[in-house]
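In: no sequence for this one, just the structure:
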């Protein structure tokens with residue numbers, strides 16, 4: 001298991017069911033009823049691991065965009 005996946009698993013273990021449901025709703029676009037209806041702990045862990053991966057990917061994209069932003073502005077500084 002990767003370090004990031006291990007971190008995601010630890011984070012999901014510390015969340016309440018309500019917090020997990022909220023994250024599944026917002027990230028996976030599930031309804032509350034769908035998220036709350038997942039009773040199998042292995043299924044919930046699997047989905048929360050995917051939620052964590054998606055959050056990590058979004059953070060990496062934000063960092064890449066922030067790092068690229070100054071490069072995009074550099075040609076305009078030669079005036």
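Out: Nice, I can see it. Note that the coordinates shown come from a computational prediction; the quantities given were computed from them, not determined experimentally.
In: in this structure, which segments are predicted with low confidence?
Out: Using pLDDT under 70 as the threshold, the predicted model of the chain has low-confidence ranges 1-13, 71-79.
In: Give me the helices and strands touching the longest helix along it, please.
Out: Ranked by residue count and defined by DSSP state H, the top helix of the chain is helix 41-73. Using 3 or more CB pairs under 8 Å, 6 or more residues apart in numbering; DSSP states H and E as the contact definition, the elements that helix 41-73 packs against are helix 3-14, helix 17-28. Every residue, glycine included, has its C-beta placed from N, CA and C.
In: Near residue 23, how many other residues are there?
Out: Other residues within reach of residue 23 by the criterion other CB atoms under 10 Å amount to 21.
In: show me the residues around it that make contact.
Out: Counting by CB atoms under 8 Å, 6 or more residues apart in numbering, residue 23 touches 15, 48, 51.
In: Could you save these as a markdown table and add columns showing distance to residue 42?
Out: Listed next are the contacts of residue 23 as a markdown table, based on distance: CB to CB, whole Å:
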| residue | distance to residue 42 |
| --- | --- |
| 15 | 16 |
| 48 | 11 |
| 51 | 15 |
